[in-house]
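In: pasting the sequence and the predicted model now:
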Amino acid sequence: MPNGLRSVLAVVAGVIVGSVVNLILISVGSAIFPHPEGVNPDSLESIRENIHRFPVALLLSTFAAHAIGTLVGGAVAARLSPSRGLVQAMIVGAWFLAAGIGMIILIPDTPRWFAALEIVAGYLPMAWIGWRLGTRPTG
């Protein structure tokens, strides 16, 4: 398989695996730290109207899900890459960063500390750590 195609597939696999990990951890976090009474977590409008009521623990579990999903996605992309995979891992991180910024825009009342934590620590640094973990020799 040509290296260019393998690189693209590594990124796609990283995004898919990272997204699955993110969704699983969001579900676990929501089960441990429930949404406030009356909030429908499947409705962007409900979240938008009630984000100010979200407990800090729920926000932190959401951050953890985003960060760990990005880390795992970066590691997968790096591991599957035909080269050392830093570019592929960082593309995965940039993908999730763009999605995170999009959600912050869609939910304008997101607490500023949470938005800053997500943008600064949740995506590109986690993709870099994933790259480091994904390129370590196994065995």
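Out: All right, it came through fine. Numbers count the residues shown, from 1 in each chain.

In: could you find the closest non-adjacent residue to the residue most central in space within the chain?
Out: The chain has residue 66 as the residue nearest its centroid, 3.1 Å off, counting by Cα atoms, centre = their mean. Distances taken as Cβ to Cβ, 6 or more residues apart in numbering place residue 122 nearest to residue 66, at 4.9 Å, with adjacent residues excluded. No exception for glycine: its C-beta is placed from N, CA and C like everyone else's.

In: could I get the contacting residues of that neighbour?
Out: The contact partners of residue 122, taken as Cβ atoms under 8 Å, 6 or more residues apart in numbering, are 63, 66-67, 70, 96-97, 100.

In: about what we covered before: and the residue nearest to the centre of the chain, what element?
Out: According to DSSP states H and E, residue 66 maps onto helix 56-80.

In: for that helix, buried residues please.
Out: Buried residues in helix 56-80, defined by neighbour count with 16 or more other Cβ atoms under 10 Å: 58-59, 61-80.

In: pull out the buried positions in stretch 111-128.
Out: 114-115, 117-118, 122-124, 126-128.

In: okay, how far is it across it, tip to tip?
Out: 26 Å (Cα to Cα, to the nearest Å).

In: what helices or strands is the longest helix along the chain leaning on?
Out: The residue-count maximum for a helix in the chain (DSSP state H) belongs to helix 3-32. Counting contacts by 3 or more Cβ pairs under 8 Å, 6 or more residues apart in numbering; DSSP states H and E, helix 3-32 is packed against helix 56-80, helix 86-106.

In: show me where pLDDT drops low in this structure?
Out: Confidence mapping of the chain against pLDDT under 70 gives the ranges 138-139.

In: how about a cut-off of 80?
Out: Within the chain, the stretches with pLDDT under 80 are 1, 136-139.

In: still on that earlier bit, the residue nearest to residue 66 and residue 24: what is the separation?
Out: Using Cβ to Cβ, to the nearest Å, residue 122 is found at 17 Å from residue 24.
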